[in-house]
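>>> next comes the sequence, and after it the predicted model I'd like to discuss.
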Amino acid sequence: MIVKTLSSDHTIGWVVASFTTLAIVGLFLPNWVLNGTMFGLARGLAVLGLLLLWRTGLISFGHALYFGIGAYAVALLEKYTGVSDIFLRLAAALIAASVVGFILGFVLRNYRGIFFAMLSLAFSMVLYGVLIKSEALGSTDGFSVSQTTILGWQPETKYPLFLMIILIGALAAVGVHVYFRSALGHLTTAVRDNEIRVEYLGYSVARAIHLKYVFSAALTGTAGGLFAMALGQVDPDSMVNWTVSGELVFISVLSGPGSVAAPFIGAVAFEFLRTFAFELAPHAWQLIVGGTLLGIIFFLPRGLWSLMEHVLMRKERRRG
Amino acid sequence: MKKGMLHSGLLALALSAFTGASMVAHSAFADDTFKVAVVSFLTGPAAGPFGEPGRHGAELVIDAINEGTMPAPYDSVGFGGVSIEAMFVDESGGNAKQVAEYRNLIEKQGVDAVLGYISSGSCMAIAPVAEELQTLTVMSVCGTPRLFEGNNWQYTFRTQAHAVADSVAAALYIRDQLGDVKDYTGINQNYAWGQDSWKFFDIAMQKLIPGSSGSDSPQFPKIFAGQYGTEISTLLLEDADLVHSSFWDGDIEAFVLQASVRGFFDKKRFISVAGASAVDNLGKRFPEGTVVGTRGEYGILVREQEGELNEWFINAYRERYGVYPLESSYQYAQTVLALKAAMDKAAAESGDTPNKEQIIAAMKGLEFQSLAGNVSLTLGDGHQAVHPIGYGVTAWDDETDGPKLVDIRIYPTHCLLPPVNQMSEEWLEAAMPGADC
Amino acid sequence: MDNASSILRVRDLNKSFAGIVAAKNINTDIKPGEVVGIIGANGAGKTVFVNMITGYLKPSSGSIEFAGRNITGIEPRDATHIGVCRSFQISQVFMSMTVMNNLLVAISLANHDTRSLLRPLNSMRRVRECEQVMERYKLSDYRDQVAGTLAQGVRKLLDIAMAVVSKPKLLLLDEPTSGVSVDEKFDLMDIVVNALREQGTAVLFVEHDMDIVQRYVDRIMAFYQGEIICDAPPELALRDSKVIEYVLGPGHAIQLVGDRLEESRHA
Amino acid sequence: MQATLTLLLDGLVYASYLFIVSVGLTIVFGVMKILNVAHGGFYAWGAYAAAYSIGVAAQLGLPDWFGLILIGVSSMCVGLIFGYLIERLILRRLYQHEEVIILLATFGLFLVLEDLILLVFGVNPYFAYQPMVYLGSVELGGIFRDVYSLSLLGLACLVAFVCWYILNRTKWGKILGTVIYDREISLAIGINVTTVYVWTFIIGATLGALGGAYISPTISVAPGISIDVIVLSFAVVVIGGMGSIPGALIGAVMVGMLRALAVHQFPELELFVVFAVMAIVLMIRPEGLFAPAKVRRI
């Protein structure tokens, strides 16, 4: 029954097929594109975490907290135990972020709107304050992260890591998609629309939000871990500062809430937009990025994905 | 499923749409140029005092060598027969961004070597990536000794002595020139450079001036914090007469401005190990009587020093940029000269345009003449430079209506740095055996 | 009244906000399947009473018993679990979702089974159940319309339909016809009351329109300043002097339409 | 005793600075319900405009005290120009959106303002020490204090008093009070809410710019100075209660004193305490310590 539903679902079909395509294309990509794509996809995974909350009407202005926890979990694991295995690294990132998300969830689940945004910001800045001033945690410099090994094997190229990232991205996308389709997932929208009704239908809004918050933290934490592995470096200003949270929110707005694939497309687009903007106009790339953000808010409130929807819809219509 | 495949194509296309265009745009470079990226702070608080002068220093010397207009021994045209095409890259934005940018430089822009880096944080972050990508990377300014201590990099070099040297030189200068110093404290930035600098200075003081004692609570504000009112108060409240600081970039300038209004420099003796740029940038606002050093024979320290290369550099620099070259101008120029020396040597040995391995082999253990003194790469298995370091006291020169350093003392290499194969901290703790200055 | 046969028992219920009394010594019993109207001027304490029963407000003192169990100060969602549901004065539906999805969410939550929540929302079983509800509440025509675009009357129906999919034993309707046009009012109430009587659900509803009240209820509770001033069948209640003075307004002529009442009871 | 006095003064000076920087933020939030990230951009622009004009004045040989006037003038110019343009061209079209979307739009504006600085003023730092040097220093509690920093205390008091006076003693204040209480009602009784919004935003922007302009003589004015300022002022405003001027005052004093205490006693806690207090206050009183009472509609 479940298999049947899954196979009849187009989105899952695309995700699986396009990630397979990407895996093949990845073999022929030059290194810098592979790197950019890895950074983009890892950030996309973090944005997928934000999307989960956004569907409930919550925008976290402090998700760099989990991105940073994931990244630092990988770096600290190596520093203090020497472990560089990809599975252990991922587990560390996932568990660390989930545990923190679970604890903070008890508080944050009671907040909405701007207060949710601000309290998330406060929590992430607490971590930032700790990292910046603590020599044992690398202070402003952070740490280098050595190349990732896979069950004791040290790959020659970045391709295995790339494969891992797209695999995890695909799994997360399918997982989140199935979740959105489930009754529980629809509760997400229901909670955003009307909390009172959800309570009167007999479901705890606080629990629904808490659950989602932990999932979101786990996804973003994993993303941070993958990002650190792809980059080979962690530091507070590029992982935990409020500007990073802002960037993640920016990518979610750029992508739009329409589909689980949108964050990945948006994030990869952002990665290359930034690379080129930075090359062409090193003193004006923030201007380009900020202007894009304003443009999206004004003209494409449902993000880049709405362009995609538009194309798809027209095609359907022509066919039908 | 057919439809699924179709859409997947669309999606993959969207994801790699950016690929095609950019791959066409960046094709291979001609054989007779050697592409070099020069990284320094082009924006942010460190751009004015360090990044821009550094960039100018590199630019000036690269152009002169490409044209063959430099004095001997660098008067041959080009680097081992090839000319260098330089691109200048911004160092600001944090370590993670630097690492990403570095990968871009190698894998996208196809540069052959990367020069520069000012912040110790950048250097520590870049070295492992340089190793991974097997790219010749020559550091110019950064000062943390950890770069080569405990690491065995093959592709990374540093044409510049590290923080141990200027800390020891500072302590030597204090012993020799300031006489009876008992207590001292410090204000340093809260990252590798600031923490190391204070630590080494503290140990060196203990060993060189027995009976002196460092503060229990030196200040470590965040880099680029900008406002130091509270920190200045705490320093003023401490009993110590001497204040050590490894502030550089905009922080030293802000600190000096804020502190001098509060009479800080009348009450305390201040020693700045990396703030020489501020002496020029602040002019009359920089207090006289401050002990200032440059990590090497650079900038204001050697402004009056004779020598063909030095005089050429000062004049050419002033002509082109309208100001005196600063410490970082010398440091970046020095890196370019090291590259020139290594590439010439490699070309002479191979009789042809040298390849990467040959250049690296030639640079290992290289000894070369810099603008105002000699440098040799002896530490870190031939990757880490050593050279003399000097300090002086600031004064105003009415003749030139500019700042100058007086009571200059330059200490020789063997007094400043551990011998090969000894870790800096061990050497310091062992009271610097072999340093007979 | 016989205690054993009443589904809701309210005893000495009081509520005050910062010194202002909103409910005072409320005592009442509701029998299974009974339809009771609550009337009163604005601010008389009707909604406060409803909110206390469904757990939105905690009473200052007194007790509420439902089916023999003390539910004083219960959480709204727990009230829902044991069979006390409500609709709202302003329709509380999921505005951005279709009618179908509104009901599907309500149905998927109705059986309080976590595992079923993980299945796709539009599973066959749920869709079938949903179609039946839409049939009963005459919502089938609006199946794929987004709730935010519905006419007030339809939205009200949806609101009520969502409240009853879990087959509650007691349903509280807070002004079911407010904001609904005059033409639609009776149709709406016909649909709702008929469906509920079929299920045997006891109904407690707040209403301003006396035509509606007298046509559908078995009993009227009239509120004034937080107190019940009259609790009687409609024929008596609407002639009560206190009710006329404090609720209907002096000089308000009431015409009882007995036959309509009969009609709805036997429908 | 000396140490305590120093700590107190350090804390108060920093608190004054924080208050001036964040009071504009809280006013804009109170009236317009906008949490304005671009406030940091106004701060940076104020600093640059002041530093630049003071530099020009010094080159022209104008006396040092003239810089103090330029600080006021340049922050007003920045506030007027950017405040007006941004409200008029951007924010006005967004009022129907959610708070968080407007927050994002101001984040976009912040990025744009940051780079405009680079394009207009270049990357090199500016120094505008003349006003600070002009005012000299004074000995307090055994150590020297620069009069300029102490004057921040006076400026903060002045700003606080003017805000209080306008809100409580003028017709303008009553109008503002009504708009803060309920936008719909104000429209209904004939208040020109559009004008109120424009002026509120201009005043908020001017105060942000004033913060930057006033601090510019003591720092090296360089790109990126506003990144830390904006979160610090968020912390101040959130602690005090968003939209409350007395709240901003209390928040600023709390953060200022805590930071001073940390720097003096536990330097490694400096940044941590500020945000920890922000988080704790939000957890205990989500609306902040002095939030204006809100009506809960059900």
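Sure thing, it's come through. Given the structure is predicted, the values throughout are model-derived calculations rather than measurements.

>>> tell me, what residue is most central in chain A?
The centre of chain A sits closest to A:Ala46, judged by CA atoms, centre = their mean, with a distance of 1.1 Å.

>>> how about the strands of the stretch 201-350 of chain B, start to end?
Along the stretch 201-350 of chain B, the segments classed as strands by DSSP state E, counting those that start in this stretch run B:213-214, B:242-245, B:269-272, B:291-294.

>>> report all helices and strands that the first one contacts.
Put plainly, it is strand B:213-214. strand B:183-187, helix B:192-208 (3 or more CB pairs under 8 Å, 6 or more residues apart in numbering or on different chains; DSSP states H and E). To be clear about C-beta, it is placed using only N, CA and C from the backbone, and glycine gets the same treatment.

>>> give me the mean pLDDT for the first one.
The predicted model assigns strand B:183-187 a mean pLDDT of 94.

>>> that strand to helix B:192-208, inter-axis angle?
Per axes from the mean of the first three to the mean of the last three CA atoms, to 10 degrees, the angle that strand B:183-187 makes with helix B:192-208 is 170 degrees.

>>> and strand B:183-187, C-alpha only, in CSV?
Output in CSV follows, covering the C-alpha atoms of strand B:183-187 (Å, rounded to 0.1, in the frame of the first residue of the first chain):
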residue,chain,number,x,y,z
ASP,B,183,54.9,44.4,36.2
TYR,B,184,53.3,44.2,32.8
THR,B,185,49.9,43.5,31.4
GLY,B,186,48.4,43.2,27.9
ILE,B,187,45.6,43.7,25.6
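
>>> C:Asp113: what's it in contact with?
Residues counted as contacts of C:Asp113 (CB atoms under 8 Å, 6 or more residues apart in numbering or on different chains): none.

>>> one step back: wait, the residue nearest to the centre of chain A sits on A:His63?
Yes. Using CB atoms under 8 Å, A:Ala46 is in contact with A:His63, at 6.7 Å.

>>> which neighbours do the two have in common?
Counting by CB under 8 Å, 6+ apart, the common neighbours of A:Ala46 and A:His63 are A:Thr220, A:Leu248.

>>> helices of the stretch 101-250 of chain C, residue ranges please.
Along the stretch 101-250 of chain C, counting by DSSP state H, counting those that start in this stretch, helices occupy C:114-118, C:124-136, C:152-164, C:182-199, C:210-216, C:234-237, C:241-243.

>>> quick revisit: among the strands of the stretch 201-350 of chain B, which is nearest B:Asn310?
Closest approach to B:Asn310 among these is made by strand B:291-294 (13.2 Å; CB to CB).

>>> the closest one pairs with which strands?
Paired strands of strand B:291-294, with direction, are strand B:269-272 (parallel), strand B:389-397 (antiparallel) (DSSP bridges).

>>> from these, which stretch is densest packed?
Mean neighbour count, computed with mean count of other CB atoms under 10 Å in any protein chain shown, is highest for strand B:269-272 among the strands paired with strand B:291-294, reaching a mean of 23.

>>> pLDDT at the residue nearest to the centre of chain A, what is it?
At A:Ala46, the predicted lDDT confidence score is 97.

>>> show me what the helix or strand harbouring it is packed against.
Taking DSSP states H and E as the criterion, A:Ala46 maps to helix A:31-54. Here helix A:31-54 touches helix A:10-26, helix A:64-81, helix A:159-181, helix A:205-231, helix A:242-255, helix A:262-280, helix B:2-25, helix B:95-107, going by 3+ CB pairs under 8 Å, 6+ apart.

>>> show the model's pLDDT score for the closest residue to chain B within chain C.
Minimum separation of chain C from chain B (CB to the nearest CB) falls at C:Pro120, amounting to 18.3 Å. At C:Pro120, the pLDDT value in this model is 84.

>>> same thing with B:His7?
At B:His7, the pLDDT recorded in the model is 50.

>>> equivalent analysis for A:Glu316, please.
At A:Glu316, the pLDDT value in this model is 68.

>>> then B:Ala259?
93.

>>> on that earlier part again, with mean pLDDT as added columns, please give the strands paired with strand B:291-294 in JSON lines.
What follows is the strands paired with strand B:291-294, written out as JSON lines (pLDDT from 0 to 100):
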{"stretch": "strand B:269-272", "mean pLDDT": "95"}
{"stretch": "strand B:389-397", "mean pLDDT": "94"}
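
>>> okay, those in CSV with distance to B:Glu231 next?
What follows is the strands paired with strand B:291-294, written out as CSV (distance: least, CB to CB, whole Å):
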stretch, distance to B:Glu231
strand B:269-272, 13
strand B:389-397, 22
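
>>> let me know which of these is the nearest to D:Pro217.
Proximity to D:Pro217 (CB to CB) singles out strand B:269-272 among these, at 21.0 Å.

>>> can you list the domain ranges for chain B.
Using automatic domain parsing, the domain ranges for chain B come out as B:19-162+B:306-386, B:164-302+B:388-429.

>>> picking up where we left off before, deepest-packed of the helices of the stretch 101-250 of chain C, please.
Ranked by mean neighbour count, the helices of the stretch 101-250 of chain C are led by helix C:152-164 with a mean of 24 (mean count of other CB under 10 Å).

>>> hmm, who's touching that one?
Contacts to helix C:152-164, defined as CB under 8 Å, 6+ apart, come from residues A:197, A:200-201, C:85-88, C:91-93, C:99, C:102-103, C:106, C:133-134, C:136-139, C:142, C:147, C:150, C:171, C:173, C:176-177, C:179-181, C:184-185, C:187-188, C:191-192, C:195-196, C:199, C:201.

>>> now the helices for the stretch 151-300 of chain B?
Counting by DSSP H, counting those that start in this stretch, one finds helices in the stretch 151-300 of chain B at the ranges B:163-173, B:192-208, B:229-237, B:249-261, B:264-267, B:276-282.

>>> thanks again, I'm all set now.
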